[in-house]
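Engineer: After the sequence you'll find the predicted model.
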Amino acid sequence: MCVVSLKLPHFVLSQFFGFLLLVTFVFSFIRWRHGVAKNGNRRLPPGSMGWPYIGETLSLYTQNPNSFFSRRQRRYGKMFKSHILGCPCVMISSPEVVKIVLVTQSHLFKPTYPTSKEMLIGPQAVFFHQGPYHSHLKKLIQSSFLPSAIKGSVYKIEGIVLNLLPIWENAHTVNTLDEMKKYSYEVAMISVFGNKLEADEMDGLKHLYHCIEKGYNSMPLDFPGTPFKKAMKARKLLNERLRKMIEKRRETEDHGGGLLGVLLGLKGKDQLSDSQIADNIIGVIFAAHDTTASVITWLLKYLHDHPHLLDAVKMEQEVIKCRRLESNRGITWDDTRHMPVTTQVLQETLRIASILSFTFREAVEDVEIEGYLIPRGWKVLPLFRTIHYSSDFFPDPGKFDPSRFEVAPRANTFMPFGNGAHSCPGSELAKLEMLILLHHLTTSFKWEVVGEADGIQYGPFPVPKQGLPIKLHRISEFDAFGA
Ligand code: HEM
């Protein structure tokens with residue numbers, strides 16, 4: 001009988017174990033990429049999880065995000081998985097599924113934001129909550145920005161425009177984004193504080209707010225010298241100022257106007273603490289500021305690039321200006337409701353610029369949608385921009401064509417202000433700001449772009465390169481009602 005010795009040479013054994021390790025690694029890698037590691041055989045959406053830990057983060061941030069999303073949509077369909085910034089996620093570009101996430105089943109998907117943003121704005125701000133606290137706050141904020149509430153601000157907003165225009169006219173070059181930030185900041189301040197702010201109070205708050213802004217997109221590293229640390233320091237100082245202002249208004253029982261007046265007027269069980277009020281005041285300024293400024297910058301760019309549309313807007317605004325001059329008055333709320341051409345240009349700008357390309361939610365439990373599992377803790381990204389650029393809903397989507405809004409878009413396909421529980425309460429104010437500015441700008445001035453007119457930069461929203469430097473020229477008598 002032949003006996004085979006089991007004593008294999010050392011190098012054979014190590015090669016065998018090396019091979020086993022390699023097979024295990026390849027197998028785990030394949031399972032990772034397909035996202036089945038933790039979810040047994042339950043069916044996850046198609047897609048790739050990329051490389052372990054980094055996932056597909058590099059692909060997303062080193063190419064045009066539109067190409068990233070559309071390439072995957074073509075390959076996997078309107079619901080696909082990925083792995084971004086250390087988180088497994090599901091990206092969605094189907095209006096029906098986005099509606100489930102944001103509207104009908106919104107309680108199953110909580111909003112999520114980067115830690116630095118939550119700490120700098122304040123954890124009690126409306127964005128970060130769900131349930132009764134969120135609905136209570138949302139109703140209050142919404143009530144302060146309904147058409148009936150902002151109608152009375154038209155003359156104040158016009159006053160801000162009429163003060164800014166001569167400054168822009170006399171400047172050698174105007175950085176549109178920077179100047180529109182100033183404009184939207186001033187509008188946000190009167191909406192939040194009413195008319196009760198002294199100029200030095202306003203400047204002090206502005207300075208602190210700008211320091212905070214610099215930390216929004218930083219890593220939450222609490223070390224001396226980091227942008228986050230500096231921003232947190234400014235946040236504490238701002239809190240202190242707001243607390244004093246709140247204390248004074250409570251003591252004098254003169255709550256003032258604006259959102260602060262509404263929040264201070266609450267009684268009994270509805271009453272909010274000082275820090276809840278401060279977090280929401282800062283939150284609304286944050287939400288109102290860069291968003292509106294970025295969209296206005298695109299408006300000026302698209303009107304500049306499409307002279308026939310600029311002429312159409314001008315013609316519409318001239319008619320209103322004539323009516324105003326005849327009755328010797330400034331612009332009114334009713335005027336802004338009768339600007340169909342300008343409103344369509346605004347809607348097309350919101351669609352094509354899609355400054356909020358997507359938003360983030362997190363599944364609070366395992367959720368099944370259209371036969372696919374979204375595991376608890378996974379991020380869910382409704383892709384607004386991809387839907388806005390779908391030829392199924394917007395034919396020839398790359399073309400700037402405001403006339404497409406002569407017909408209302410299909411439900412849940414046009415979401416520049418989001419949808420459902422967390423949709424934007426400031427949409428009417430943002431549109432009002434743009435219409436008032438366009439009225440005076442197009443009837444009294446023309447503008448040329450200085451330097452390179454094309455290209456995009458991100459900061460954090462997509463905006464025209466270098467913030468669109470322009471030169472303003474007066475073309476007709478500039479009436480200063482309300483200035
Ligand atoms: C053109 C300008 C604006 C755009 C494009 C915009 C867009 C949006 C979007 C898409 C959302 C929903 C985010 C999500 O679902 O995660 C949102 C939420 C919000 N926006 Fe706006 N917004 C603009 C201006 C404003 C203004 C002027 C205000 C001031 C009142 C404001 C206040 C808010 C607040 C407080 C929320 C959070 C609502 C919640 O979480 O319930 N926004 N905005």
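Structural biologist: Noted; the coordinates are in hand.
Engineer: all contacts plus neighbour counts: C-alpha atoms, from now on.
Structural biologist: Fine.
Engineer: list the buried ones in the lengthiest helix in the chain?
Structural biologist: As assigned by DSSP state H, the longest helix anywhere in the chain is helix 274-305. For helix 274-305, a neighbour-count test (16 or more other CA atoms under 10 Å) marks 274-286, 288-305 as buried.
Engineer: Quick one: mean pLDDT over that helix.
Structural biologist: Averaging pLDDT along helix 274-305 gives 96.
Engineer: Around the ligand, which positions in the stretch 351-483 of the chain sit nearby?
Structural biologist: Proximity of the stretch 351-483 of the chain to the ligand (CA under 6 Å from any ligand atom) is limited to residues 356, 359, 416-418, 421-427, 429-430.
Engineer: Same list, the residues you listed, but as a markdown table with neighbour count, pLDDT and secondary structure please.
Structural biologist: What follows is these, written out as a markdown table (neighbours: other CA atoms under 10 Å; pLDDT from 0 to 100; DSSP: H, G, I helix; E, B strand; the rest coil):
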| residue | neighbour count | pLDDT | secondary structure |
| --- | --- | --- | --- |
| Leu356 | 18 | 95 | coil |
| Thr359 | 17 | 96 | coil |
| Pro416 | 23 | 98 | coil |
| Phe417 | 16 | 98 | coil |
| Gly418 | 19 | 98 | coil |
| Ala421 | 17 | 95 | helix |
| His422 | 21 | 97 | helix |
| Ser423 | 16 | 98 | coil |
| Cys424 | 17 | 98 | coil |
| Pro425 | 22 | 98 | coil |
| Gly426 | 20 | 98 | coil |
| Ser427 | 18 | 98 | helix |
| Leu429 | 23 | 98 | helix |
| Ala430 | 21 | 98 | helix |
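Engineer: Look through the stretch 1-150 of the chain and state the residue closest to the ligand.
Structural biologist: Here the residue of the stretch 1-150 of the chain nearest the ligand is Phe127; by CA to the nearest ligand atom that distance is 3.6 Å.
Engineer: what pLDDT does that residue get?
Structural biologist: 95.
Engineer: do Ser143 as well
Structural biologist: Reported pLDDT for Ser143: 94.
Engineer: tell me, how many neighbours does it end up with?
Structural biologist: Neighbour count for Ser143, taken as other CA atoms under 10 Å: 16.
Engineer: same deal with Gly77?
Structural biologist: 16.
Engineer: hang on, isn't the residue of the stretch 1-150 of the chain closest to the ligand packed against Pro111?
Structural biologist: Yes. Using CA atoms under 8 Å, Phe127 is in contact with Pro111, at 7.1 Å.
Engineer: If you count surrounding residues, which of these two has more?
Structural biologist: Phe127 (23 against 20).
Engineer: How about stretch 277-296 and the ligand, touching?
Structural biologist: Yes. On the criterion CA under 6 Å from any ligand atom, stretch 277-296 is in touch with the ligand at 284, 287-288, 291-292, 295.
Engineer: gap between that stretch and the chain center?
Structural biologist: Distance of stretch 277-296 from its chain centroid, counting by CA atoms, centre = their mean, to the nearest Å, is 9 Å.
Engineer: As a check, name the ranges of all helices in the stretch 101-250 of the chain.
Structural biologist: In the stretch 101-250 of the chain, the segments counted as helices under DSSP state H, counting those that start in this stretch are 115-121, 131-145, 147-150, 154-170, 176-193, 199-213, 227-252.
Engineer: Out of these, which gets nearest to Asp334?
Structural biologist: Nearest of the helices of the stretch 101-250 of the chain to Asp334, taken as CA to CA: helix 154-170 at 10.1 Å.
Engineer: Any buried residues in that closest one, and which?
Structural biologist: 154-162, 164-165, 168-169.
Engineer: Spell out the secondary structure type for Lys81.
Structural biologist: strand (DSSP: H, G, I helix; E, B strand; the rest coil).
Engineer: Number of residues surrounding Gly455?
Structural biologist: Quick note: Gly455 (other CA under 10 Å) scores 11 neighbours.
Engineer: For it, give me the pLDDT.
Structural biologist: pLDDT, Gly455: 88.
Engineer: Nearest the geometric middle of the protein, what residue?
Structural biologist: Leu356 (4.5 Å; CA atoms, centre = their mean).
Engineer: Now do the contacts for it.
Structural biologist: Residues near Leu356 by CA atoms under 8 Å, 6 or more residues apart in numbering: 384-385, 416, 461.
Engineer: repeat that for 10 Å
Structural biologist: For Leu356, the contact set (CA atoms under 10 Å, 6 or more residues apart in numbering) comprises 291, 350, 383-385, 415-418, 460-462.
Engineer: Could you list the low-pLDDT ranges of the stretch 151-300 of the chain?
Structural biologist: Counting by pLDDT under 70, the stretch 151-300 of the chain shows low-confidence ranges at 196.
Engineer: Do me a favour and get the end-to-end distance for stretch 356-365?
Structural biologist: 26 Å (CA to CA, to the nearest Å).
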